[in-house]
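Visitor: Build the 3D model from these lines:
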Amino acid sequence: MIATTLFLLAALLAQDPAPDAGAPGAIDLLTGGIQAPSQPAGRSSSTVARTPRFAPVATRPAAPGMRAPVGSLVAVRGQEENHLMGIGVVTGLAGTGDSGDAARQLLQNLLLTRNINLDLKSLSSKNIAVVRVEASLAAGLKPGRRIDVRVSTIGDAKSLEGGTLAATELTDITGRDVYVSAAGPVTVGGFQAAGAAASATRNHVTVGTLPGGGKVEREVPTSIASEHGYIYLDVRPAHDSFGTVVGITEVVNALYPGLAQATPDGKTIKVRVPEDLHSSQHAAYLQSILRREVVSESVARVIINERTGVIVMGGDVRLQPGVVAHGNLTVTVAETPEVSQPGPLSGGTTQTVDRTDLGVEEEDDALVLVPGAVTLQEVVDVLNVLGTTPRDMITILQAMSQGGLLLAEIRRM
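Guide: Sure, this is the predicted structure:
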């Protein structure tokens with residue numbers, strides 16, 4: 001027995017140098033056991049970096065008031081665009097169509113309109129896609145005119161590139177009256193190329209347009225003047241202040257005395273059409289009003305977009321004196337699970353070990369005295385003293401509004 005052991009040791013020593021202790025399958029000469037392979041030691045981390053603050057450049061003071069044409073502040077009632085919609089089929093796709101039965105069923109219905117009856121199983125949906133077809137029809141547009149049409153996929157089609165929209169009817173919201181018919185090649189502002197293990201896509205290829213692909217079949221009747229002989233000028237939502245309504249009313253009455261009056265809701269100016277004015281002159285009469293200029297009242301309003309961090313302020317925004325303190329809290333979490341492999345012939349099982357890196361950073365900011373601000377330039381200067389990011393500024397503005405420091409209306413996009 002001793003001779004056999006010495007023989008095995010001599011054979012092992014005669015081989016190549018022993019592998020590293022951490023190498024998989026290394027043999028311990030003292031115990032004769034097989035060491036476990038080295039375990040992964042990599043780590044992942046997560047950090048949040050803050051770029052240097054943008055240094056604002058001094059600008060000239062804001063103008064106290066600007067004159068604007070009446071036509072840019074109001075919308076003429078009855079001249080709105082009408083939204084139309086339909087469901088259609090795009091054919092001729094290069095294998096990027098829908099994979100479900102909805103496309104084949106819609107294609108079968110389309111063929112039935114041509115007295116072609118095919119079994120659903122014999123139709124392939126790889127080259128067709130079910131799409132939603134939309135268009136905006138202006139009031140008064142005559143039949144036969146061409147308009148642009150938009151199409152977008154409904155199913156799981158990968159791309160509409162190279163496709164052609166089959167004849168589709170676009171109706172109003174009731175679905176009874178057809179106002180536009182659409183057909184033609186689809187234009188996609190991008191491309192998609194794919195292989196077995198890689199793909200490339202530019203822009204959005206599941207939405208396309210048909211420039212001039214829609215034909216007006218029915219007119220949306222409209223008239224400048226109502227049946228009672230009035231033209232209604234509705235103030236746009238961005239300028240719906242009482243000062244703007246009063247200013248437009250005074251400008252119109254200065255041109256045509258006594259013909260304009262504001263409605264009780266303070267959102268519309270009602271202009272009476274002279275009885276002796278022929279209907280063919282209504283357009284010229286309206287244009288003479290829309291080209292007049294009025295001082296546009298600056299609205300005390302703050303528009304914020306919490307998703308993108310955009311902040312837009314009106315010229316009449318004011319600040320009351322107060323104190324603001326805002327501390328940023330940044331929490332970073334990184335998960336790095338590691339796999340532990342057992343050694344050969346050890347009888348163990350593979351295990352996953354969780355590894356977590358957690359970091360918390362909080363800024364130690366002091367109280368900041370916010371003086372009062374009565375002009376837009378002063379408001380900008382005061383808010384820049386806080387030195388925060390736009391997203392933090394949104395939170396501060398909301399808190400200021402609730403605390404009464406911000407004298408403006410906040411609207412969220």
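Visitor: Can you name the residues bridging to residue 133?
Guide: Residue 133 has these beta-bridge partners by DSSP bridges: residue 86, residue 151.
Visitor: The stretch 151-300 of the chain: strands as residue ranges?
Guide: Secondary structure of the stretch 151-300 of the chain (DSSP state E, counting those that start in this stretch): strands at 164-171, 178-185, 191-194, 199-202, 207-216, 230-235, 260-262, 268-272, 293-296.
Visitor: Kindly report the same for the stretch 301-413 of the chain.
Guide: Under DSSP E, counting those that start in this stretch, the stretch 301-413 of the chain gives strands at 301-305, 310-313, 318-319, 322-324, 329-335, 338-340, 351-353, 356-362, 368-370, 406-407, 409-412.
Visitor: Of those, which shows the lowest average pLDDT?
Guide: Note on the strands of the stretch 301-413 of the chain: lowest mean pLDDT is at strand 329-335, with a mean of 62.
Visitor: and residue 308, how many neighbours?
Guide: When neighbours are counted by other Cβ atoms under 10 Å, residue 308 registers 10. Where you see a C-beta, it was placed from the backbone N, CA and C, and this is true even at glycine.
Visitor: Now do the contacts for it.
Guide: Contacts of residue 308 were listed using Cβ atoms under 8 Å, 6 or more residues apart in numbering, and none were found.
Visitor: Do you know the pLDDT at it?
Guide: Listed pLDDT for residue 308 reads 77.
Visitor: bridging residues for the nearest residue to residue 394 once chain neighbours are set aside?
Guide: Closest residue in space to residue 394, ignoring its immediate chain neighbours: residue 304 at 4.9 Å, by Cβ to Cβ, 6 or more residues apart in numbering. For residue 304, the beta-bridge partners under DSSP bridges are residue 311, residue 412.
Visitor: Give me the neighbour count for residue 304.
Guide: As a burial measure, residue 304 scores 22 neighbours (other Cβ under 10 Å).
Visitor: same check, this time on the one 5 residues further on
Guide: By the measure other Cβ under 10 Å, the count of residues near residue 309 is 13.
Visitor: before we move on, the earlier item: relative to residue 313, how far out is the residue nearest to residue 394?
Guide: Distance, residue 304 to residue 313, using Cβ to Cβ, to the nearest Å: 10 Å.
Visitor: same thing with residue 166?
Guide: 50 Å.
Visitor: where exactly do the helices run in this structure?
Guide: According to DSSP state H, the chain carries its helices in the segments 2-14, 101-112, 242-255, 282-290, 376-386, 390-403.
Visitor: As JSON lines, those helices with mean pLDDT and mean neighbour count would be great.
Guide: Shown next, in JSON lines, are these (pLDDT from 0 to 100; neighbours: other Cβ atoms under 10 Å):
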{"stretch": "helix 2-14", "mean pLDDT": "51", "mean neighbour count": "9"}
{"stretch": "helix 101-112", "mean pLDDT": "82", "mean neighbour count": "17"}
{"stretch": "helix 242-255", "mean pLDDT": "91", "mean neighbour count": "17"}
{"stretch": "helix 282-290", "mean pLDDT": "92", "mean neighbour count": "14"}
{"stretch": "helix 376-386", "mean pLDDT": "72", "mean neighbour count": "17"}
{"stretch": "helix 390-403", "mean pLDDT": "79", "mean neighbour count": "16"}
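Visitor: per-residue confidence at residue 293?
Guide: pLDDT, residue 293: 91.
Visitor: The helices of the chain into TSV, with extra columns for distance to residue 274?
Guide: Formatted as TSV, the helices of the chain follow (distance: least, Cβ to Cβ, whole Å):
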stretch	distance to residue 274
helix 2-14	116
helix 101-112	54
helix 242-255	12
helix 282-290	8
helix 376-386	42
helix 390-403	47
